[in-house]
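>>> take a look and give me a structure for this.
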Amino acid sequence: MPKLTIDGQEIEVENGTVLIQAAERLGIEIPRFCYHERLAIAGNCRMCLVEVAPGPPKPQASCALPCADGMVVKTNSPMVKKAREGVMEFLLINHPLDCPICDQGGECDLQDQAMAYGSGISRYSEHKRGVENKYMGPIVKTEMTRCIHCTRYVRFATEIAGVPELGAFGRGEHMEIGTYVEKSLTSELSGNLVDLCPVGALTSRPYAFAARPWELTKTETIDVLDAVGSNIRVDSRGEAVLRILPRVNEDINEEWISDKTRHACDGLRVQRLDRPYIRGNDGKLHEASWEDALSVVAKKMLEFTPAEIAALSGNLACAESVMALRDVLDSLGVANRDCRQDGAMFETASRSNYLFNTTIAGIEQADMIVLVGANPRTEAALLNARIRKTYLKGGLKIYSIGSDSDFNYPVYSFGNDPRILSDIALGTHPLAQMLEQAKNPVIVLGTAAVARHDGAAIFAAARQIAKKYGVIRDGWNGFNILHHAAGRVGALDLGFVPKEGGRNIAEIFSGCTDYKIKMVYLLGADEFDMGLLGNAFVVYQGSHGDDGAHRADVILPAATYTEKDATYVNMEGRVQRTKRAVFPVGNAKEDWKILRALSDVLGKPLPYNNLEQLRARMEKIAPHFANIGEIVPSPIQEVEAPSGRVVINSTPFDEFITNFYMTDPISRSSKTMAECTREAAGSQQTKKVA
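Numbering: from 1, shown residues only. This is a model prediction of the structure:
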């Protein structure tokens, strides 16, 4: 391990460490534009020049120079200062004076470093060059005249996003960055290009000219539009959420977020339910007061027997609302409830049966992944990025049993016959030997694998394989369920599944058809065919006028995740909390408060009056809710084969999410997501023609 001295401070570093990394460990700032710790080194901006001895009598790029034993490095010598001023002067030669109209203003690395390291004057008096803007889709807006050719976004698209659609063409003064053939970017992570751009060449198209950064209120919270639980920052002004940016969390999303997480925020105030409604005798919904709406709901709940009432929890439901609804149902003796709108069938007695046990960061230790009816690219984009990262490091082999998905890393497909799992369990399939030889094998069961009639048999077969071939062993659990809904794991943890003698979602639907279920309470549940509810009396509690609201007889308007302090559990079992960034619209209220008020009208008041008491109740049911931000290990439980004659059939796995950009009421209300959907459809059509 080499020892070197930087600005008089001695440090010992690992072999292969470059100077800029060593300086960061000492807290010494070295300016940079092209260097990024998560991308390959380019060494083309030359802003990170330092003086190195022994060595040539000229400054050297610290981002591309490995540390060597005995090096003496100066980062603030007169030579370095003069060199940086020269580099900055060259960078500003062709950079336009757009700061007053540039969306990057106030957050621009070029502005900051020009002030800190520039000479403050320019000797250039010629015309600046102009570059034609490139179209990159509805998310990224370009002003390519501002580009300083750092190539960060080229490397991100190729390495992280896995879509090598950006590159440099031309030479010298005529060099430009673009997509070769003008088209929309096809990555679900393309919004991160804007964060990486150190100038204003790439900015957010939906956010263009909306606000300056100093006008915004910044709230640190989490995303709930998938089950990853990405850490985000919500920037708001007044009552509106204007943009969403990523926060660094090495265990979950690193510093990236998906395009849906970032840009579906314009759907937060569209098609909102902002007041209660009751369906009248004329078949139309009429505005009502909270007192009247809750009275109608309570009257119906007391009118029907417990066996005639059912409740379904939706994909965006927070843990607090699920807990409150469960307590209301328990007070009435209602056993018919479920949180699995898709009908997923897996054991819920132990958390290890339904978690992503390997964890998102733990994927980097895997040397073999078997995807069963799963497409991480659409179901969990940040998990997919982590899989790609592991693949690029080398040594990871990925296999698939499922539909022919558009993966962005090499995947060997064994076809789309679910019965392959039975062959693996018997040891007659090539994958059996591969699993046996792997050091850290991983099995990922997607929703498409378990949300079908034979889902329980598929789940049991996968668990049998995991136990037989060392996927689950001391110190390693490679058995995973890939969830897509942010509210799913929390609801399972709180036991929002049928009680003994109760009906699951399929049985609730059949009960609605034969008039045995006469009332259904939908807690933000929209992701199923509302025709399955038959003639049941439907109460919809949610934030948007989606399918559930159209079918409802009573609508109770609720807050979105940016409008409440709430708890969610991500796919790996990590408990996290949202923070309120703006207040609910109109007369909408937080979900748990609605249910608390309903319990009073029912004459069965819930035993908590504030959020702290409610969370104490949650911790009593599931103690791990007290461990915020942590993963609490769950004991592994044996899984028995499903009773009856349910066996794995040959019906192929479907692609569970066919439109990444519209998977919930918020994203379906987003204009930006609608534009992305149209672009994606056009791109798919082009591929088919080609």
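>>> low-confidence ranges in this protein?
Scanning the chain for pLDDT under 70 picks out 638-646, 683-690.
>>> hmm, try it at 50
Scanning the chain for pLDDT under 50 picks out the ranges 689-690.
>>> what lies in contact with the helix or strand where S667 lies?
Secondary structure from DSSP states H and E places S667 in helix 665-668. The contact list for helix 665-668 (Cβ atoms under 8 Å, 6 or more residues apart in numbering) reads 225, 260, 264, 267-268, 271, 316, 524, 526, 542-544, 546, 560, 661-662, 673. To be clear about C-beta, it is placed using only N, CA and C from the backbone, and glycine gets the same treatment.
>>> would you agree A486 is in contact with K260?
No. If you go by Cβ atoms under 8 Å, A486 and K260 don't touch, sitting 11.9 Å apart.
>>> neighbour-wise, which of those two wins?
Counted by other Cβ atoms under 10 Å, A486 and K260 do not tie: A486 has more neighbours, with 28 against 25.
>>> what helix or strand does the more buried one sit in?
Using DSSP H and E, A486 falls outside every helix and strand.
>>> leaving out chain neighbours, which residue sits closest to it?
The shortest distance from A486 to any non-neighbouring residue, by Cβ to Cβ, 6 or more residues apart in numbering, is to V224 (3.8 Å).
>>> confirm that the one you found sits in a strand.
No. Using DSSP: H, G, I helix; E, B strand; the rest coil, the assignment for V224 is coil, not a strand.
>>> quick revisit: mutual contacts of A486 and K260, please.
Shared contacts of A486 and K260, counting by Cβ under 8 Å, 6+ apart, come down to 225-226.
>>> related to what we said a few turns ago, narrow the contacts of helix 665-668 to just the buried residues.
Burial by neighbour count, 16 or more other Cβ atoms under 10 Å: within these this picks out 225, 260, 264, 267-268, 316, 524, 526, 542-544, 546, 560, 661-662, 673.
>>> among the residues you listed, name the ones in strands.
Within the buried ones among the contacts of helix 665-668, residues falling in strands by DSSP state E are G542.
>>> closest to V471 out of the buried ones among the contacts of helix 665-668?
Nearest to V471 among these is L225, at 29.6 Å by Cβ to Cβ.
>>> now the phi/psi pair for the closest one, please.
Per-residue torsions, L225: phi -90, psi 0 (degrees, to the nearest 10).
>>> got the contact list for it?
Per Cβ under 8 Å, 6+ apart, neighbours of L225: 258, 260-261, 264, 316, 486, 663-664, 666-667.
>>> quick check: the farthest pair among these?
Spatially, the most separated pair among these is S258 and L316, at 15.7 Å (Cβ to Cβ).
>>> got the residue ranges for the helices in the stretch 351-500 of the chain?
Counting by DSSP state H, counting those that start in this stretch, one finds helices in the stretch 351-500 of the chain at the ranges 376-379, 381-393, 420-426, 430-437, 447-450, 455-468, 488-493.
>>> turn those helices into JSON lines, including mean neighbour count and distance to T158.
Below are the helices of the stretch 351-500 of the chain laid out as JSON lines (neighbours: other Cβ atoms under 10 Å; distance: least, Cβ to Cβ, whole Å):
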{"stretch": "helix 376-379", "mean neighbour count": "24", "distance to T158": "16"}
{"stretch": "helix 381-393", "mean neighbour count": "21", "distance to T158": "10"}
{"stretch": "helix 420-426", "mean neighbour count": "20", "distance to T158": "33"}
{"stretch": "helix 430-437", "mean neighbour count": "16", "distance to T158": "29"}
{"stretch": "helix 447-450", "mean neighbour count": "27", "distance to T158": "29"}
{"stretch": "helix 455-468", "mean neighbour count": "23", "distance to T158": "34"}
{"stretch": "helix 488-493", "mean neighbour count": "27", "distance to T158": "33"}
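>>> can I get the ones you listed in TSV with distance to A344?
Shown next, in TSV, are the helices of the stretch 351-500 of the chain (distance: least, Cβ to Cβ, whole Å):
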stretch	distance to A344
helix 376-379	12
helix 381-393	18
helix 420-426	16
helix 430-437	23
helix 447-450	5
helix 455-468	6
helix 488-493	8
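>>> how about those helices, which one is nearest V296?
Smallest distance to V296 across these (Cβ to Cβ): 25.7 Å, for helix 488-493.
>>> can you tell me what sits against that closest one?
With contact meaning Cβ under 8 Å, 6+ apart, helix 488-493 is reached by 227, 313, 315, 317-319, 322, 339-340, 348, 351, 354-355, 483, 567-571, 573, 575, 621-622, 624-625.
>>> so how far is it off the chain centroid?
With Cα atoms, centre = their mean, to the nearest Å as the basis, helix 488-493 stands 17 Å off its chain's centre.
>>> contact partners for L294?
Taking Cβ under 8 Å, 6+ apart, we find L294 in contact with 556, 597-598, 601.
>>> now list the buried members of the contacts of helix 488-493.
Among the contacts of helix 488-493, those classed as buried by 16+ other Cβ under 10 Å are 227, 313, 315, 317-319, 322, 339-340, 348, 351, 354-355, 483, 567-571, 573, 575, 622, 624-625.
>>> re the thing from before, any idea which of the buried ones among the contacts of helix 665-668 is closest to S236?
Taking Cβ to Cβ as the measure, S236 lies nearest L268 of these, at 9.8 Å.
>>> which residues touch that closest one?
For L268, the contact set (Cβ under 8 Å, 6+ apart) comprises 241, 560, 562, 666, 669.
>>> nearest residue to K128 other than its sequence neighbours?
Excluding its sequence neighbours, the residue lying closest to K128 (Cβ to Cβ, 6+ apart) is N94, at 4.9 Å.
>>> my bad, should have said E12
K3 (4.8 Å).
>>> thought the one you found was touching D69?
Yes. Counting by Cβ under 8 Å, D69 is a contact partner of K3 at 5.8 Å.
>>> quick one: which of those two has more around it?
Ranked by neighbour count (other Cβ under 10 Å), K3 and D69 place K3 first, with 13 against 9.
>>> how much space between that one and N76?
Note on K3: its distance to N76, by Cβ to Cβ, to the nearest Å, is 21 Å.
>>> residue contacts, the residue nearest to E12?
10-12, 69-70.
>>> that one and G524, how far apart?
Between K3 and G524 the computed distance is 58 Å (Cβ to Cβ).
>>> same question, A307
In this view, A307 and G524 are 24 Å apart by Cβ to Cβ.
>>> what does E250 give?
Counting by Cβ to Cβ - E250 and G524 are separated by 31 Å.
>>> ditto for R596
Distance from R596 to G524, counting by Cβ to Cβ: 17 Å.
>>> which one of the helices of the stretch 351-500 of the chain lies nearest to I121?
Closest approach to I121 among the helices of the stretch 351-500 of the chain is made by helix 381-393 (43.2 Å; Cβ to Cβ).
>>> quick one: list the elements packing against that closest one.
The contact analysis (3 or more Cβ pairs under 8 Å, 6 or more residues apart in numbering; DSSP states H and E) places helix 381-393 against helix 376-379.
>>> go with 10 Å
Helices and strands touching helix 381-393, by 3 or more Cβ pairs under 10 Å, 6 or more residues apart in numbering; DSSP states H and E, are helix 259-263, strand 368-372, helix 376-379, strand 397-401, strand 441-445.
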